[in-house]
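**Q** Here is my input, please return the structure:
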Amino acid sequence: MIELQKLNKSFGPIKAVDDLDLRVTRGTTVGFLGPNGAGKTTTIKILTDLISATSGHALLSGVDVVSDPKAALSHVGAVVETPEFYPYLTPVETLSYLGRVRGMPTAEIDRRTNEVLAQIKMEQWRTTRIGKFSKGMKQRLAIGQALLHEPDILILDEPTSGLDPRGMVEVREIIKQLKKDHYTIFMSSHLLNEVEETCDRVALIDHGKLLVYDDIDTLAKLTKITKLEVVGSSAIAAPLVERISKMPGVVHAENATDRSLVVTYEGPEESRADLLRSIQSLGVNVVSFSPVGLPLEMMYMDLVKESR
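**A** Take a look at the predicted model:
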């Protein structure tokens, strides 16, 4: 379990984290979202004792990292910022070295090394020097390091940042399996589709304040902004697109192809029928009218817009 209680962090006159209250229950995977500068990384650095809070409490499995960081972090595995490894070591050597640093018995190190390499799908590279690894492979090994001591909680700061598409998929598959294994995962990300794919709940912050914390499905239903694809039986000319963009509730409209356009619409779901009728009244023979894009993306845009 993770619990933040009135957590604050100031850098001079700037409040990076502002009275943040948040509770992550055991076995839940939470996506921690926010624009650049919202306070995500600052919060994670407080949780991992890389920086100190100005005030408040951050509990990890019931132990306050502010007052007893060593005991609190014994429950945690974390990947924060870009992982660094000795390039001349292998995964087995790296994990064994970390286990010895942690004071783990040799038999336990051997057992956990084998289990972790299976978890991160790196058994076939167990004796390959890390200097030959791609960035995605190094990120998987970083997750393996975080799992070595069998923590209750896993904290990940943008775990797929900078990875190629294959690396992203591989890391996400590992996170989804860890979720099935009932780890408590707290993961910051700027990729909304990643959060929607891997997480149970979303915590959205901006200017250091919590804007919303709820299940993804619930939040998706609350969004007021929707992207709608309108497909006509013939070309939809630019003058028509311009007129559609000025209709009530339409934030933006643009052609996707000569016969289709994407309309960003702000309003309740039941009002979309009125929009459809208005478009048809311009002489557009609409053959398809449906939402596109991710519900979470719409929710994010909506809430951040309101906070600014």
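**Q** so how far is residue 198 from residue 211?
**A** According to CB to CB, to the nearest Å, residue 211 stands 20 Å off from residue 198. All C-beta atoms are positioned from the backbone trio N, CA, C, and that covers glycine.
**Q** At which residues are the strands of this protein located?
**A** With DSSP state E as the criterion, the chain has strands at 2-11, 14-24, 29-33, 55-60, 63-64, 76-79, 153-157, 184-188, 201-206, 209-215, 225-232, 250-257, 260-266, 286-292.
**Q** between those, which gets nearest to residue 135?
**A** strand 76-79 (12.9 Å; CB to CB).
**Q** Over that closest one, what's the mean pLDDT, rounded is fine.
**A** With pLDDT averaged residue by residue, strand 76-79 scores 96.
**Q** do stretch 124-138 as well
**A** Across stretch 124-138, pLDDT averages out at 95.
**Q** which of the residues in that stretch are buried?
**A** For stretch 124-138, a neighbour-count test (16 or more other CB atoms under 10 Å) marks 125, 130, 133, 136-138 as buried.
**Q** ditto for stretch 163-182
**A** For stretch 163-182, using 16+ other CB under 10 Å, the buried residues are 163, 167-168, 170-172, 174-175, 178-179.
**Q** sorry, back to before: out of residue 211 and residue 198, which sits in the more crowded spot?
**A** Set side by side, residue 211 and residue 198 show more neighbours around residue 198, with 24 against 17, by other CB atoms under 10 Å.
**Q** if you skip the residues just before and after it, what's nearest to that one?
**A** residue 175 (5.0 Å; CB to CB, 6 or more residues apart in numbering).
**Q** Also residue 77?
**A** residue 146 (3.2 Å).
**Q** residues contacting the one you found?
**A** Listed by CB atoms under 8 Å, 6 or more residues apart in numbering, the contact set of residue 146 reads 77-79, 154.
**Q** Reformat the residues you listed as JSON lines; add neighbour count and distance to residue 16.
**A** Supplementary listing: the contacts of residue 146 in JSON lines, determined by neighbours: other CB atoms under 10 Å; distance: CB to CB, whole Å:
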{"residue": "77", "neighbour count": "24", "distance to residue 16": "24"}
{"residue": "78", "neighbour count": "23", "distance to residue 16": "19"}
{"residue": "79", "neighbour count": "24", "distance to residue 16": "21"}
{"residue": "154", "neighbour count": "22", "distance to residue 16": "23"}
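**Q** bridging residues for residue 212?
**A** residue 204 (DSSP bridges).
**Q** about what we covered before: most widely separated two among the buried residues of stretch 124-138?
**A** Pairwise over these, using CB to CB, the maximum falls at 130 and 136, 12.7 Å.
**Q** Going by neighbour count, list what's buried in stretch 271-282.
**A** Residues of stretch 271-282 classed as buried by neighbour count (16+ other CB under 10 Å): 272, 275, 278-279.
**Q** distance of the residue nearest to residue 77 from residue 255?
**A** Noted for residue 146: a distance of 46 Å to residue 255, by CB to CB.
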